[in-house]
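Trainee: What follows is a predicted protein model with its sequence.
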Amino acid sequence: MPKANFPKRKEINPQVRQLAAMAFGEASAADNQDEIYALACVLERQRIARGYRDITTFSKTDRTFSFVVSDGNHRYKKLINASDTDIYQHKGMQCALDAALNAMAGGPDRSNGAFFWDGADIKKNYKTHAKVRAGIRFTAPEHNIYQIAESTRLVIKKKNIVRIDCSTGQRIPSCEEVDRFDHVYESTAAWGGTVFWKLSALYLKVMRAKEYR
């Protein structure tokens, strides 16, 4: 019997593979499509915001953002080392590949503009978790997939003012409040086992912070 002639798949670009592997590694084992697509978009958004020319340079230079590249994550290693054929034949890895292509093309963003994310560790390490200590707020009940409490930490920004007493001409120093905020992170979405976050507008304004830091 003659062999069937299937159309040949395009060879996977190394940068697409890298982004796909990172998104696949960061996602939960359920291979939730929305979760993987959202993670790929956040990674690509961070890459652009931090000024890296490609995702490989980002992953090698800024190792603190996505630990799957260096912490032995088995899902990351599975995709990064897989043959093109294996990727195309595996539902989850194919999804990650499509997610990477979507993110790189500026396609639909299931993270809703997030720059950060958390998995189950935010519940496991709630008391010591950096985002919890900084202050988190859920903008929609469905984002709170781990059923954790919101946290607040009031920060008041002040500045020193010197006023002149019109009657005496005396200089009177004082410290006045400029603005305040009580949380840093706001949820934007939640898919699979991942909660997505962005920095609150008030925090960005008061602290003159960068949205990707």
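Mentor: Now that the structure is in, tell me what you want to look at. Numbers count the residues shown, from 1 in each chain.
Trainee: got a list of what the spatially most central residue of the chain touches?
Mentor: In the chain, the residue lying closest to the centroid (CA atoms, centre = their mean) is residue 116, at 2.3 Å. By CB atoms under 8 Å, 6 or more residues apart in numbering, the contact set of residue 116 is 42, 131, 185, 196, 197, 198. C-beta coordinates here come from the backbone N, C-alpha and C atoms, glycine included.
Trainee: where does it land on pLDDT?
Mentor: Residue 116 carries a pLDDT value of 97.
Trainee: Residue 161 bridge partners, please.
Mentor: Beta-bridge pairing of residue 161 under DSSP bridges involves residue 174.
Trainee: For it, grab the count of nearby residues.
Mentor: 11 (other CB atoms under 10 Å).
Trainee: same question, residue 145
Mentor: 18.
Trainee: Contact partners for it?
Mentor: Taking CB under 8 Å, 6+ apart as the test, what residue 145 contacts is 190, 193, 195.
Trainee: Select only the buried ones of those residues in ChimeraX?
Mentor: Selection command for ChimeraX covering only the buried members of the contacts of residue 145, criterion 16 or more other CB atoms under 10 Å:
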select :190,193,195
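Trainee: Which ones among the contacts of residue 145 lie within strands?
Mentor: Secondary structure assignment by DSSP state E places 190, 195 of those in strands.
Trainee: quick check, nearest of the contacts of residue 145 to residue 175?
Mentor: For these, the closest approach to residue 175 (CB to CB) belongs to residue 195, at 37.3 Å.
Trainee: gap between that closest one and residue 115?
Mentor: Using CB to CB, to the nearest Å, residue 195 is found at 13 Å from residue 115.
Trainee: Does residue 172 belong to a helix, a strand or coil?
Mentor: strand (DSSP: H, G, I helix; E, B strand; the rest coil).
Trainee: Who's the closest spatial neighbour of it, skipping the chain neighbours?
Mentor: Once flanking residues are discounted, residue 172 sits nearest to residue 163: 4.9 Å by CB to CB, 6 or more residues apart in numbering.
Trainee: so the one you found makes contact with residue 169?
Mentor: No: between residue 163 and residue 169 there is no contact under CB atoms under 8 Å: 11.4 Å.
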